[in-house]
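In: heads up, no residue letters with this:
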């Protein structure tokens, strides 16, 4: 499932709203979560999970091409911990895992 | 302060003028649809944010931490989140230089 699939499903369920508004809402929602993390805040959604930041201390890395050692500064990375309900609902899944297709109309570069 | 679902629907009202009730429904559906896709075994990709992937873990030996008794941990499926480059960059840009002791 991609972002556009998610927008389609919600727009279908909320048919009294304009598609464009649902699209804006989903994008704004995702951006709100990203913004909270970028400001160092946690995000907690009961039954879904929580997003927080984990610290990665500075380390000596290597340029894979030249082999030169480079010092990499400490940084924060986003982390997600699935909530109880999500873990339980996923746990016993045994159907083949279906990869999401690429979001053709929403290429943000990931 | 942690961001909650109430903050999210509040923001939809402020930014797009979606009323409280619809905002609450959209936020609820957003998380429910992701859960439901994952439950059906579908990977979820939110470009610009990250991917929710599924991994099948085999059975492995475990231990009851209280009693020390060996109990097998049965095979299961778990959700992992892989943040996208854009989210990683945003997070690094804002708090990358902050002292870990203050967090």
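Out: Perfect, I can see it now. Just so we're clear, the structure is a prediction, and the values are computed from it rather than from any experiment.
In: may I ask which helix or strand of chain B has the lowest mean pLDDT?
Out: helix B:85-95 (a mean of 87; mean pLDDT, DSSP states H and E).
In: is that one anywhere near chain A?
Out: Yes: counting by C-beta under 8 Å from any C-beta of the partner chain, chain A has neighbours in helix B:85-95: B:85-88, B:90-95. Any C-beta I mention is one placed from the backbone N, CA and C, and that applies to glycine too.
In: which residues does residue B:4 contact?
Out: A:44-45 (C-beta atoms under 8 Å, 6 or more residues apart in numbering or on different chains).
In: mind running it again at 7 Å?
Out: Contacts for residue B:4 (C-beta atoms under 7 Å, 6 or more residues apart in numbering or on different chains) come out as residue A:44.
In: what's the local residue count around residue A:24?
Out: 17 (other C-beta atoms under 10 Å in any protein chain shown).
In: that one is in what secondary structure piece?
Out: Using DSSP states H and E, residue A:24 sits within helix A:19-38.
In: so what does that helix touch, helix or strand wise?
Out: helix A:3-13, strand A:43-45, strand A:49-56, helix B:5-16, helix B:20-39, helix B:85-95 (3 or more C-beta pairs under 7 Å, 6 or more residues apart in numbering or on different chains; DSSP states H and E).
In: before we move on, back to that, of the residues of helix B:85-95 next to chain A - the most surrounded one?
Out: Of all these, residue B:87 has the most neighbours under the rule other C-beta under 10 Å, reaching 24 neighbours.
In: isn't that one right up against residue A:35?
Out: No: counting by C-beta atoms under 7 Å, residue B:87 stays clear of residue A:35, with 10.3 Å between them.
In: just checking, residue A:62 touches residue A:71?
Out: No: using C-beta under 7 Å, residue A:62 makes no contact with residue A:71, being 10.8 Å away.
In: more neighbours: those two, which one.
Out: residue A:62 (11 against 8).
In: who does the more buried one bridge with?
Out: Counting by DSSP bridges, residue A:62 is bridged to residue A:69.
In: please name the residues that touch it.
Out: Shown in contact with residue A:62 (C-beta under 7 Å, 6+ apart): A:68-70.
In: centre-most residue in chain B?
Out: Central residue of chain B (C-alpha atoms, centre = their mean): residue B:81, 6.5 Å from the mean position.
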